[in-house]
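[1] coords below, sequence missing:
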């Protein structure tokens, strides 16, 4: 039981740590899926603009 | 299907009964790695089911777009994070690869139905029988493919053609998940309610000697030869009368 709990705790800690790394290097969709020639209309009120 | 199988076959019992003598089957780090993988698998399997069936036939039609969107958003968080723990399959490989190399004894195991299909038959097996070796291969190869396709889902702008590649990555990830999921459910079944005395291997790490002799006779012989496993002649405590 101790080993089981330890594995769960480790999984959660690893997940939280990795989440910080991923959040720091992932791009928002408005940047990732558009090219320099694309224009986002009404940003903040559509699905891909920055909120 | 598993419920039907349980109803038809019944629980696999230890024919000679519990001996009262145990031997170590899995050390602490092995069990830690197993449960780490298992916890990640459960989260990924549930969120994978939502990706596969949630939109088309389950959550969205039954509970509406809002519920589906909320559930998918919450499911995405653990899926994303847990997928990126590549230590899971790597540790499995390092720890268990030497015991999972197929051999001639595995053919005999299959010929005798793995000791599961026919009552009273216990084909010889080493530390891992052929079924467990199959699970090992599926977890390693399927897990690696699922992680790889999952990483492309995390970074969909890496490939050149985002639309086509993202769809391919999503489908690949779902396929790997499905192929991965079915044998793992059978593994969970046989390790819990399907076979008497099996759960202790990953619970306490120690299994009953009679269970080990019935299901992994060659492994027990090896351990006894190394004097790391008790035999019938090993003195043990007798209750006072």
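    Arrived safely. All values derive from a computational prediction rather than experimental measurement.
[2] Might you calculate how far stretch B:33-49 sits from the centre of the chain?
    Relative to the mean C-alpha coordinate of its chain, stretch B:33-49 is positioned 10 Å out (C-alpha atoms, centre = their mean, to the nearest Å).
[3] Whichever helix in chain A runs longest - contacts with which helices or strands?
    Using DSSP state H to define each element, chain A has its longest helix at helix A:2-25. Counting contacts by 3 or more C-beta pairs under 8 Å, 6 or more residues apart in numbering or on different chains; DSSP states H and E, helix A:2-25 packs against helix B:28-49, helix B:65-83. To be clear about C-beta, it is placed using only N, CA and C from the backbone, and glycine gets the same treatment.
[4] Could I get the buried residue list for the longest one?
    Of the residues in helix B:28-49, those buried under the neighbour-count criterion (16 or more other C-beta atoms under 10 Å in any protein chain shown) are B:30-41, B:43-45, B:47-49.
[5] mean confidence for that helix?
    Along helix B:28-49, the predicted confidence averages to a pLDDT of 83.
[6] That helix close to chain A?
    Yes - Helix B:28-49 is in contact with chain A by C-beta under 8 Å from any C-beta of the partner chain, via B:28, B:31-36, B:38-40.
[7] between that helix and helix A:2-25, how many degrees?
    For helix B:28-49 against helix A:2-25, the angle between stretch directions is 50 degrees (axes from the mean of the first three to the mean of the last three C-alpha atoms, to 10 degrees).
[8] so what secondary structure elements neighbour helix B:28-49?
    If contacts are counted by 3+ C-beta pairs under 8 Å, 6+ apart, helix B:28-49 sits against helix A:2-25, helix B:65-83, helix B:87-96, helix B:162-191, helix B:200-203.
[9] moving C-terminal of that helix, what's the next helix or strand?
    Of the helices and strands lying after helix B:28-49 in sequence (DSSP states H and E), the nearest is helix B:59-63.
[10] just how off-centre is that following helix within its chain?
    Distance, stretch centre to chain centre, for helix B:59-63: 31 Å (C-alpha atoms, centre = their mean).
[11] Give me the buried positions along it.
    Counting neighbours by 16+ other C-beta under 10 Å, one finds that the buried residues in helix B:59-63 are B:59-60.
[12] quick one: residue B:15 from chain A, how far?
    In this structure, residue B:15 and chain A are separated by 29 Å, where distance is defined by C-beta to the nearest C-beta, to the nearest Å.
[13] Quick one: neighbours of residue B:142, just the number.
    The local packing count at residue B:142 equals 20, with neighbours defined by other C-beta atoms under 10 Å in any protein chain shown.
[14] Wait, it touches residue B:179, no?
    Yes - contact criterion C-beta atoms under 8 Å: residue B:142 and residue B:179 qualify, at 5.6 Å.
[15] out of everything not next to it in sequence, what's closest to residue B:67?
    For residue B:67, ignoring the flanking residues on the chain, the nearest one in space by C-beta to C-beta, 6 or more residues apart in numbering or on different chains is residue B:59 at 6.3 Å.
[16] Next, the contact list for the one you found, please.
    B:50, B:67-68, B:71 (C-beta atoms under 8 Å, 6 or more residues apart in numbering or on different chains).
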